[in-house]
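Visitor: Curious how this folds, go ahead:
(2 chains)
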Number of protein chains: 2
Amino acid sequence: METTIHKIGRYIFSAEAVHCDINQNLFLSTLCHDLLRAADMHSTERQFGMNYLKSINKTWVLSRLVLEIFHLPQAYDEFCIETWVESVMHHFTARNFAIVNHHGQALGYCRSIWSMIDTISRHPTDMLLVRDGSISNYIENSKACPIAGYSNWKTNPNSKCVQQFTIRYSDCDSNGHFNSIKYIDHVLDIWDMDFHKNYSICRLEIAYQTECHFGDNLLVYCEEIQKEEQGQKEFRIHLNKLNPTSHTETEVSKLKVLFVKQE
Amino acid sequence: METTIHKIGRYIFSAEAVHCDINQNLFLSTLCHDLLRAADMHSTERQFGMNYLKSINKTWVLSRLVLEIFHLPQAYDEFCIETWVESVMHHFTARNFAIVNHHGQALGYCRSIWSMIDTISRHPTDMLLVRDGSISNYIENSKACPIAGYSNWKTNPNSKCVQQFTIRYSDCDSNGHFNSIKYIDHVLDIWDMDFHKNYSICRLEIAYQTECHFGDNLLVYCEEIQKEEQGQKEFRIHLNKLNPTSHTETEVSKLKVLFVKQE
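Guide: Model prediction:
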């Protein structure tokens, strides 16, 4: 008798007080860690998780992340992350998430785009060649993810440099790369505590463009976009890596962050 | 019929791959977050947790932390944190921890000292006056915690300043203070990746002396102590806060860190 593996994975998380900010909200970066953890559990249960990929010298690489959050979980709240694969192509897969409270109400949604790379050549690899493309058996395209996808936008070369930092040990993941979630911490750190007390994030888009490593010097550029909407603020941010020999800069990531005034 | 509440709490954690370092070890700071999480669950189940204390304008404040670790959990490992109250006095309580793998083998131990403060006056308060001193019903002094306690030492005023940083949004806890665990991240960040690949931490002592807040400028001073033992390195570190008007410095925390060469 076969065990049915559902297409949608559901995982319970708890907003631990030690991971909550001044507003008693779960840090957005912790929520994103939980999303990645749910993705890893979902893919592991279906035999295409990171641990298996490592054994065949491949790994998942996060390429785009779009998150809309209506209510961040508060200290001691339990919440559920649902995740599923929306589509698979040879070199990209779309994975969606719903963040749901214990009443079953959606707190937010997330869309993500992943590629698979060969860990030796660092080149993209065809994910449909892994386990005879079994990932396609889990495509769930009937469940709604009612948020707009990645919007794409041009980086403004006149944006102001608001922060500079060096990538340290605690910033790096188990592959030695700048951790994809640490981008969020470093970017949210450009605003002061008063701003964070008055505004909460409602939408975030990230494009990961170039891998960064320990010791890299990163410059954070920020531009505020004038918005018609009452109480909203939009910022477009990009991170450049300083090339130490040529003193030129390479764009490594860009983010669009939308805040709403707290009531 | 009464439900028996055991003196020792046992909680299962998992070393999530997203929280592992270049050596595939759980970040020490994440392990310490898990210790604090276990402490909060243990005290909450026994009616003296942070959420209850908040309702009577009191809170726990971590004063000393001593950790010895023989093997850090590795990516995907499950482990158990056992925690219990060793002793209670009016203004201090000693809480111990054992970190145990799924075979029941100890991976490490931790000793901590906590005070309770009034959140309005910020002064220490007598914890034996809370719930008629019911915390004393949970004292467990027969379980061994086979590591030496806090050793105390004098700060060397000739230590070298190795790092300077400003406390940002992501560094602050839900009370708006510099998060006790973030001290560990910032201190471990003074060593480069090669050092972390070659040495792993085996003992850590922290004394928390003065609360720090958003915007404070901290200076990290470090002194290496010559050790007889093969393959061991000891560092004594202290963090000073720069007082912006007087340009004097106030010591806010000190740490003793012992590393052992990785095999």
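Visitor: gap between the two ends of stretch A:126-133?
Guide: This stretch, stretch A:126-133, spans 9 Å end to end (C-alpha to C-alpha, to the nearest Å).
Visitor: Mind listing residues that contact it?
Guide: A:47-48, A:53, A:56, A:58, A:88, A:90-91, A:93, A:116, A:135-136 (C-beta atoms under 8 Å, 6 or more residues apart in numbering or on different chains). C-beta coordinates here come from the backbone N, C-alpha and C atoms, glycine included.
Visitor: and those residues, which two are the farthest apart?
Guide: Using C-beta to C-beta, the contacts of stretch A:126-133 span at most 19.8 Å, a distance reached by A:Gln47 and A:His91.
Visitor: For A:Phe13, name its beta-bridge partners.
Guide: For A:Phe13, the residues forming beta bridges with it (DSSP bridges) are A:Phe79.
Visitor: Distance-wise, check it relative to A:His102.
Guide: Applying C-beta to C-beta, to the nearest Å, the value for A:Phe13 to A:His102 is 11 Å.
Visitor: between these two, who's got more neighbours?
Guide: Comparing A:Phe13 with A:His102 by neighbour count (other C-beta atoms under 10 Å in any protein chain shown), the higher total belongs to A:Phe13, at 20 against 10.
Visitor: And for A:Ser29, the neighbour number?
Guide: Counted with other C-beta under 10 Å, residues neighbouring A:Ser29 total 20.
Visitor: any common contacting residues for A:Phe13 and A:His102?
Guide: Listed contacts common to A:Phe13 and A:His102 are A:78-80; contacts here mean C-beta under 8 Å, 6+ apart.
Visitor: Neighbour-wise, give me the winner out of these.
Guide: The member of those surrounded by the most neighbours (other C-beta under 10 Å) is A:Phe79, with 22 neighbours in all.
Visitor: any idea which helix or strand carries A:Val187?
Guide: When secondary structure is defined by DSSP states H and E, A:Val187 falls within helix A:182-188.
Visitor: what is the rounded mean pLDDT of that helix?
Guide: With pLDDT averaged residue by residue, helix A:182-188 scores 97.
Visitor: Stretch A:169-178 too?
Guide: Along stretch A:169-178, the predicted local confidence has a mean pLDDT of 93.
Visitor: In terms of secondary structure, what does the helix or strand containing A:Ile206 contact?
Guide: Secondary structure assignment for A:Ile206, by DSSP H and E: strand A:199-208. If you count contacts as 3 or more C-beta pairs under 8 Å, 6 or more residues apart in numbering or on different chains; DSSP states H and E, strand A:199-208 packs onto strand A:58-69, helix A:182-188, strand A:249-261.
Visitor: deepest of these, which one?
Guide: Among the helices and strands packed on strand A:199-208, the stretch with the highest mean neighbour count (mean count of other C-beta atoms under 10 Å in any protein chain shown) is helix A:182-188, at a mean of 22.
Visitor: send the alpha carbons of that one over as PDB?
Guide: Taking only C-alpha atoms (Å, rounded to 0.1, in the frame of the first residue of the first chain), the coordinates of helix A:182-188 have been written out as PDB:
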ATOM      1  CA  LYS A 182      20.700  38.200   6.400                       C
ATOM      2  CA  TYR A 183      20.100  40.500   3.500                       C
ATOM      3  CA  ILE A 184      16.700  41.300   5.100                       C
ATOM      4  CA  ASP A 185      18.300  42.000   8.600                       C
ATOM      5  CA  HIS A 186      21.000  44.300   7.100                       C
ATOM      6  CA  VAL A 187      18.400  46.200   4.900                       C
ATOM      7  CA  LEU A 188      15.900  46.600   7.800                       C
END
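Visitor: Tell me where chain A has strands.
Guide: Using DSSP state E, the strands of chain A run over residues A:9-14, A:58-69, A:78-88, A:93-101, A:106-118, A:160-166, A:199-208, A:217-225, A:232-242, A:249-261.
Visitor: same for the fifth one, what does it pack against?
Guide: By that I understand strand A:106-118. Using 3+ C-beta pairs under 8 Å, 6+ apart as the contact definition, the elements that strand A:106-118 packs against are helix A:28-45, strand A:58-69, strand A:93-101.
Visitor: could the ones you listed be laid out in JSON lines, adding mean pLDDT and distance to A:Arg236?
Guide: Formatted as JSON lines, the entries for the helices and strands packed on strand A:106-118 read as follows, by pLDDT from 0 to 100; distance: least, C-beta to C-beta, whole Å:
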{"stretch": "helix A:28-45", "mean pLDDT": "96", "distance to A:Arg236": "17"}
{"stretch": "strand A:58-69", "mean pLDDT": "96", "distance to A:Arg236": "14"}
{"stretch": "strand A:93-101", "mean pLDDT": "98", "distance to A:Arg236": "23"}
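Visitor: Low-confidence ranges, chain A, go.
Guide: A:1-4 (pLDDT under 70).
Visitor: what does it have sitting close to chain B?
Guide: Residues of chain A found near chain B (C-beta under 8 Å from any C-beta of the partner chain) are A:16-22, A:24, A:27, A:29, A:33, A:36-37, A:40, A:50-51, A:75-76, A:168-176, A:179, A:181, A:185-186, A:188-189, A:191-193, A:196, A:214-215.
Visitor: Give the ChimeraX command for selecting the buried subset of those.
Guide: Here is the ChimeraX command that picks out the buried ones among the residues of chain A next to chain B, judged by 16 or more other C-beta atoms under 10 Å in any protein chain shown:
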select /A:16,17,18,19,20,21,22,24,27,29,33,36,37,40,50,75,76,168,169,170,171,172,173,174,175,179,181,185,186,188,189,191,193,196,214
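Visitor: Go through the residues of chain A next to chain B and flag which are in helices.
Guide: Mapping the residues of chain A next to chain B onto helices (DSSP state H) picks out A:29, A:33, A:36-37, A:40, A:50-51, A:185-186, A:188, A:193, A:196.
Visitor: Which one of those is nearest to B:Lys160?
Guide: Closest approach to B:Lys160 among those (C-beta to C-beta): A:His186, at 26.4 Å.
Visitor: pretty sure the closest one contacts A:Thr166?
Guide: No - taking contact to mean C-beta atoms under 8 Å, the distance of 10.9 Å between A:His186 and A:Thr166 leaves them out of contact.
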